[in-house]
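> Sequence first, then the predicted structure:
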Protein chains: 6
Amino acid sequence: MDRLKRWLAPTTTVRAHCDLPCGVYDPEQARIEAESCFRIMEKYQANSDETFRSRAIVIKEERAELVKHHLDVLWHDYFKPEHVDKVPNLHDLFWNATKAASKVKASVDPADGRKLLDLIDQVDAAWKATGGEEKTRVAGRPG
Amino acid sequence: MDRLKRWLAPTTTVRAHCDLPCGVYDPEQARIEAESCFRIMEKYQANSDETFRSRAIVIKEERAELVKHHLDVLWHDYFKPEHVDKVPNLHDLFWNATKAASKVKASVDPADGRKLLDLIDQVDAAWKATGGEEKTRVAGRPG
Amino acid sequence: MDRLKRWLAPTTTVRAHCDLPCGVYDPEQARIEAESCFRIMEKYQANSDETFRSRAIVIKEERAELVKHHLDVLWHDYFKPEHVDKVPNLHDLFWNATKAASKVKASVDPADGRKLLDLIDQVDAAWKATGGEEKTRVAGRPG
Amino acid sequence: MDRLKRWLAPTTTVRAHCDLPCGVYDPEQARIEAESCFRIMEKYQANSDETFRSRAIVIKEERAELVKHHLDVLWHDYFKPEHVDKVPNLHDLFWNATKAASKVKASVDPADGRKLLDLIDQVDAAWKATGGEEKTRVAGRPG
Amino acid sequence: MDRLKRWLAPTTTVRAHCDLPCGVYDPEQARIEAESCFRIMEKYQANSDETFRSRAIVIKEERAELVKHHLDVLWHDYFKPEHVDKVPNLHDLFWNATKAASKVKASVDPADGRKLLDLIDQVDAAWKATGGEEKTRVAGRPG
Amino acid sequence: MDRLKRWLAPTTTVRAHCDLPCGVYDPEQARIEAESCFRIMEKYQANSDETFRSRAIVIKEERAELVKHHLDVLWHDYFKPEHVDKVPNLHDLFWNATKAASKVKASVDPADGRKLLDLIDQVDAAWKATGGEEKTRVAGRPG
């Protein structure tokens, strides 16, 4: 009964806001992949082994591609025209963030990784400013 | 300078704990995909349109596969033998969680989706109990 | 010798314009996948077989995802700040086109597919207006 | 009304020729990925940076795999037994082209990339000789 | 020492026959995915549940695509011009097998799945007739 | 008629044992990809060419990921609680095997590849001990 209430509760508030695919969006997905890139850049700098460095390049390439994908989904599907008032620099923010992710593919300098993380944090702020957290995540998860 | 300190600081503590790929792990990745599955199940129940329902099945299948992948990575690469003392039911927890994700592929009952979310929250607790949060995420992100 | 000249020739003009990944961009990639979506929508309307329709939904979903990917790559990596003067509506054009691709995933109305094709043709015009064709394709291909 | 006519027109001619998936085929997809491989080979020769070269290998591997995939789809699904009269060397052409794509994965010599482009142009000629362009693309796109 | 001998032994005989990627080829990969398609077709016929049938179509589509991929790799990379003497119908065999896999995507009739299995068994015979088993698998695996 | 009997026969015995996806499982899938990794490691040791070695790292990474995926599917979906009596070390066996596959990603020592092969052979023994071969493969394939 308590469980039933738990998963019925958010539904009513959520259905109005999202449409298939699912309506669950969170910049945390891009953040986690970008943290992987950042760590890989640090490790690359700290390790001169040929195999390690080749793997680092391969894996960073994949992770940065996932960052771009997660950012694209937010820009395509979560953000709507009515959000542009609240986030006037929305398009430039996403353009800069995705270009920063492309830079991260080409670079092994952790400072480029940090720049990407900072831009993703601005995306996170835009998502929160538009009510993203309440509207798109399922209630009842650990803080 | 502050920024410099920010991204140097975690490095020293982190390098000891992780190895390529990157050492960044977070059950939140599995959680977000599982929330997608849960929402899709709710929407499936609320919508009898043929196209909508076919798409719901396709997308839920992909999302549940991602849940399994994210759980597998945690079990393969984050959890180490020394963690089994702290999490004695580690293997059964992951076996149940991945089997629950397979169930979510086959089911359109949100209760199956909620069961998967609850198991992922137990994985999250195991990750925190073993110091996962401090050890594997990059400092300085928004709470 | 003639072959040697042929593949040296474009190099000098191209190297200045692109950087890895490769610098080859063409909206035709998005166009072809969008034509697939459009044809699938037509076929869906013309065929009531359950298996056929389920496959149509699955394949359209994949094709529309590829449209989004190809559009994203153009927006992230081909278009540069200096192009915004020539294409003032660049961001809105891509936002509308990617949102139209999301609509194509959810719809089985060929008119939605045609709308996507028309927006991709506007992207194609923007790519040509910024010298995309001369700068990014390899010389010597059949017209 | 004009739009309606526009998207009804090609349908009648197309439906007879293709079946799901969609019937839209164009060697241009393979050509564009092969041009990427060719450019990457040129850039590899012009740049001795370790990171750049590792990325070039990774990306060329992916692009050449896509070339193979696009060629396979044409051979499996577009070309039909009745086309063998018009293109007697059909199987050898595709076998040589896919083997040339495998060579492009292993090589960093732009001449191997050019050889692949030339074979894809022969595939393009075979596609045109069998009416591929009229039968499989959607009318109304920019030349 | 015994282990050392075990993994050194096959090396000398194998290196002459294969080149990166790896030289390990086995039609069993295509066979296993084709068996999945066949079973899915059987189950589809035995189960009229809407969700089950939609999933069956999705999964069969993926499995049949993997069959095509595994067949393509054999045709592109394992079979060499010198094998055509031993397998005169090589190209038609692969063309029929890949077209049969495309048919399996569109069909829910297990007889189409069985036809694909029979063609893959002919590919297996061609692989064995050209020494594929001895040349491409690693010694010491369970029978 | 004989063919008809052939594909009807296994059905009755199989339906009871598997559920979509398909019920076809075989450790051979993991074995073949692990053999690829092992061969790549051998070739890496035997070849000091920069391009060759970079490609070897990339391809081994992909192949080892496929090994992990195939092992995960067996552990998630083939093995059931009732099998734990017959295979008491089931979880540790899969944990060790997937961790060995992660090691293979990071290593270029064929001994690590052989260790993975040996663990997969133990998985194969567990699959056979639980009746996997009879229950999950389609009858009538070449020995």
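Looks like it arrived, so ask away.
> Okay, whatever residue of chain A ends up closest to chain C and chain E: tell me how far apart.
In chain A, the residue that lies nearest chain C is A:His91 (3.7 Å; C-beta to the nearest C-beta). From N, CA and C alone the C-beta is placed, and that goes for glycine too. Separation of A:His91 from chain E (C-beta to the nearest C-beta, to the nearest Å): 35 Å.
> Does that residue touch C:Thr98 like I think?
No: A:His91 is beyond contact range of C:Thr98, at 11.7 Å (criterion: C-beta atoms under 8 Å).
> Those two: which is more packed in?
C:Thr98 (25 against 18; other C-beta atoms under 10 Å in any protein chain shown).
> Next, the buried residues of the lengthiest helix in chain A.
Ordering each helix of chain A by length in residues (DSSP state H) puts helix A:50-73 first. Neighbour counts using 16 or more other C-beta atoms under 10 Å in any protein chain shown place A:51-64, A:66-73 of helix A:50-73 among the buried residues.
> how close does the residue positioned nearest the centre of chain A sit to B:Lys135?
In chain A, the residue lying closest to the centroid (C-alpha atoms, centre = their mean) is A:Ala30, at 2.4 Å. Using C-beta to C-beta, to the nearest Å, one gets 21 Å for the distance from A:Ala30 to B:Lys135.
> Leaving out sequence neighbours, find the closest residue to A:Ala125.
Nearest in space to A:Ala125, with sequence neighbours left out and distances taken as C-beta to C-beta, 6 or more residues apart in numbering or on different chains, is B:Pro142 at 7.1 Å.
> Could you check how many residues crowd around that neighbour?
12.
> Assign it to helix, strand or coil.
Counting by DSSP: H, G, I helix; E, B strand; the rest coil, the backbone at B:Pro142 sits in coil.
> residue contacts, it?
The contact partners of B:Pro142, by C-beta atoms under 8 Å, 6 or more residues apart in numbering or on different chains, come to A:Asp121, A:Asp124, A:Ala125.
> From those residues, pick the one nearest D:Lys80.
A:Asp124 (52.4 Å; C-beta to C-beta).
> Could I get the phi/psi values of the nearest residue to the closest one once chain neighbours are set aside?
Nearest non-adjacent residue to A:Asp124, counting by C-beta to C-beta, 6+ apart: A:Pro27, 4.2 Å away. Dihedral pair for A:Pro27: phi -60, psi -10, per degrees, to the nearest 10.
> got a pLDDT number for A:Pro27?
The score at A:Pro27 is 97. That number is its pLDDT.
> How about the one 4 residues further on?
Per-residue confidence at A:Arg31 stands at 98 (pLDDT).
> That one: neighbour count?
A:Arg31 - counted by other C-beta under 10 Å - has 25 other residues nearby.
> list the contacts for it?
A:Leu117, A:Ile120, A:Asp121, A:Asp124, B:Arg141.
> hmm, 7 Å instead?
Shown in contact with A:Arg31 (C-beta atoms under 7 Å, 6 or more residues apart in numbering or on different chains): A:Ile120, A:Asp124, B:Arg141.
> Which parts of chain A are helices?
All helices of chain A, identified by DSSP H, fall at A:2-15, A:28-46, A:50-73, A:90-106, A:110-129, A:132-136.
> winner for burial among those?
helix A:28-46 (a mean of 24; mean count of other C-beta atoms under 10 Å in any protein chain shown).
> still on that earlier bit, do you know how far the residue of chain A closest to chain C is from C:Ala129?
Separation of A:His91 from C:Ala129 (C-beta to C-beta): 19 Å.
> do the same with A:Thr51
Distance from A:Thr51 to C:Ala129, by C-beta to C-beta: 46 Å.
> Got the confidence number for whichever residue of chain A sits closest to chain F?
Residue nearest to chain F within chain A (C-beta to the nearest C-beta): A:Ser54, separated by 4.2 Å. What the model reports as pLDDT for A:Ser54 is 96.
> Same check on A:Met1?
40.
> For chain A, which residues are neighbours of chain B?
Residues of chain A lying close to chain B (C-beta under 7 Å from any C-beta of the partner chain) are A:3, A:7, A:11, A:14-15, A:20-24, A:26, A:28-29, A:31-32, A:35-36, A:38-40, A:42-43, A:46, A:52, A:55-56, A:59, A:110, A:114, A:117, A:121, A:124, A:137-138, A:141-142.
> quick one: contacts of stretch A:49-63?
Here stretch A:49-63 makes contact (C-beta under 7 Å, 6+ apart) with A:33, A:36-37, A:40, A:43-44, A:47, A:105, B:20-22, D:51, D:54-55, D:58, F:54, F:57-58, F:61, F:106, F:108.
> Then stretch A:74-92?
A:25, A:27, A:94, A:123, A:126-127, A:129-130, A:132, C:68, C:91, C:95, C:98-99, C:102.
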